[in-house]
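1. coords please:
(one chain, ligands or ions: 1)
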Amino acid sequence: KKIALFASGSGSNAEKIADYFADQEGVSVSLVLTNNPKAGVIDRARRGFGTGRVHAPVVVFDRPTFYQTNQITELLQNQAVDLIVLAGFMWLVPGSLVQAFPNRIVNIHPALLPKFGGKGMYGHFVHEAVVAAGEPESGITIHFVNEHYDEGAVIYQASCPVAPTDTPDEVARKVQVLEHAHYPRVVAEVLASL
Ligand SMILES: N[C@@H]1O[C@H](COP(=O)(O)O)[C@@H](O)[C@H]1O
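-> Sure thing, here's the model as predicted:
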């Protein structure tokens, strides 16, 4: 089975996923794709991720290529990718790609959807909103991707307590622990179900 990893930023989740499958028979990371030429994920991929043994081509694309051509969808189809994994990818996935990979695109959101999701709700903004709302807990949501931000069917959620004194940074740290602990395993379960 083949995975393609999409990331726009640091790529810590992409690295955890690549490392998780580094020694797994029958599962490989065939492509790393980013919309950001300065994304930290590029260096991680070039180093072979955490294990230094997962070497996948890195593709950097721009907005016209993603939204006005079919190049990315065709590349993924030509590589016979089984599952597309969004790991901190910030752009909305075009309908053509969603239709080409039905129930084969997953995303992780750093909050307990349906709360604190949607356009503009990403990265630190989410944790600031959770703290500002005085939420007693936060967490992660892993979901299938459809044509709307953060609205696809939920696959898995895990939560963590938020103390009244927690800062957005502290919430971000707690949530990242959940992301790294659960996303690789849930990706493996979705892959096994395909
Ligand atoms: N969608 C969100 O974007 C962030 C990406 O972090 P990283 O994987 O680039 O470190 C994570 O918090 C993820 O939930």
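2. Where does Val32 sit, in terms of helix or strand?
-> In this structure, Val32 is located in strand 28-34 according to DSSP states H and E.
3. List the buried residues for whichever helix or strand comes after that strand?
-> Sequence order places helix 40-46 as the next helix or strand after strand 28-34, per DSSP H and E. For helix 40-46, burial by neighbour count (16 or more other Cβ atoms under 10 Å) applies to Gly40, Val41, Ile42, Arg44, Ala45. From N, CA and C alone the C-beta is placed, and that goes for glycine too.
4. near the ligand at all, the strand holding Val32?
-> No. Strand 28-34 does not reach the ligand (Cβ under 6 Å from any ligand atom); its nearest approach is 10.1 Å.
5. Can you name every helix or strand that that strand contacts?
-> strand 2-6, helix 12-20, helix 40-46, strand 58-60, helix 71-78 (3 or more Cβ pairs under 8 Å, 6 or more residues apart in numbering; DSSP states H and E).
6. Glu128: which of the ones you listed is closest?
-> helix 12-20 (19.7 Å; Cβ to Cβ).
7. distance between the strand holding Val32 and the chain's centre?
-> Distance of strand 28-34 from the chain centroid (Cα atoms, centre = their mean, to the nearest Å) equals 12 Å.
8. Give me the contact list for that strand.
-> Outside strand 28-34, the residues that touch it by Cβ atoms under 8 Å, 6 or more residues apart in numbering are 1-8, 14, 17-18, 21, 41-42, 45, 54, 56-61, 72, 75-76, 79, 81, 89.
9. now the helices for this protein?
-> Assigned by DSSP state H, the helices in the chain fall at 12-20, 40-46, 63-68, 71-78, 95-100, 123-132, 168-193.
10. average pLDDT for the longest one?
-> Taken as a whole, helix 168-193 has an average pLDDT of 98.
11. The fifth one now?
-> Mean pLDDT, helix 95-100: 98.
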